[in-house]
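Q: All I have is the shape, not the residue letters:
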């Protein structure tokens, strides 16, 4: 593995004998720095393997203990692992926010295909999908992208916020069924509530919130982060929620035979018969 100081971080001399990495924020300060240290730091600024750095340290006469100290001090300044670049993005959704999110992702340089439903892009080559909906994600959309083994990111617009994520990497990270099962464990009534929300309009679907959600989507597409971020429509505050794989979900083994069920034969836009709520079960992976 190549060790490299993040090129986004300025490397500046504080004094003739001390170096600082980063200014806003400061991520590392090395003090004191001698000639050998400076040569090692210069190599790390370019990029070098751990074994190559050890060989250079030996040549310079820098003890291995000092090399370990430098690496520990510089660790916060190292460039994060590279994530495979996402190129072509499908934005799926029939709500107003979907159009704005698609435009912003396109402005960021990604070729974008926009469609109301994923079935409209089944023959396209897609690197990632963004699923945009009000209140809840269509479970058939989620399962379709899971089966296609394509990274997908949900964007759910609600009453007062938008929730982006988690980024689902099929077979690797928790899927949206895992999230639903965690919510059901916390609130057994969640499946019944979720079924009644399907098809309802969300009050918070406004241009400003959709823009903030799109910016968050771009961040999520760049990073490996199995978390969701809730963005408050009024304050802009963000709350991050981590998720773990569900033991009841087969998504990590891609056992995707079970489709999720809502109320059998029920028009979700109409009234709900409380007697039928027992038929509701959480989204199953």
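A: Everything's here; your move. Because the structure is predicted, anything quoted here is derived from the model rather than measured.
Q: Would you map the strands across the stretch 101-250 of the chain?
A: 112-115, 128-134, 151-157, 161-164, 227-232, 238-242 (DSSP state E, counting those that start in this stretch).
Q: Format those as a markdown table; extra columns: mean neighbour count and distance to residue 219.
A: C-beta: built from backbone N, CA, C; applies to glycine. What follows is the strands of the stretch 101-250 of the chain, written out as a markdown table (neighbours: other C-beta atoms under 10 Å; distance: least, C-beta to C-beta, whole Å):
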| stretch | mean neighbour count | distance to residue 219 |
| --- | --- | --- |
| strand 112-115 | 18 | 17 |
| strand 128-134 | 25 | 12 |
| strand 151-157 | 25 | 10 |
| strand 161-164 | 24 | 9 |
| strand 227-232 | 19 | 9 |
| strand 238-242 | 11 | 11 |
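Q: Relative to residue 21, which of the ones you listed is closest?
A: Closest to residue 21 of the strands of the stretch 101-250 of the chain, according to C-beta to C-beta: strand 238-242, at 25.6 Å.
Q: Pairing partners for the closest one, with directions?
A: strand 227-232 (antiparallel) (DSSP bridges).
Q: And the contacts of the partner strand?
A: With C-beta atoms under 8 Å, 6 or more residues apart in numbering as the test, strand 227-232 has contacts from 154, 160-166, 179, 209, 212-213, 216, 220, 237-243.
Q: redo that, cut-off 10 Å
A: Contact with strand 227-232 is made by 153-158, 160-167, 173-174, 176, 179, 204, 209, 212-213, 215-217, 219-220, 237-243, as judged by C-beta atoms under 10 Å, 6 or more residues apart in numbering.
Q: Might you report the residue contacts of the residue of the chain most remote from its centre?
A: In the chain, counting by C-alpha atoms, centre = their mean, residue 61 sits farthest out from the average C-alpha position, at 43.6 Å. Residues counted as contacts of residue 61 (C-beta under 10 Å, 6+ apart) are 35-36.
Q: Noted, bye for now.
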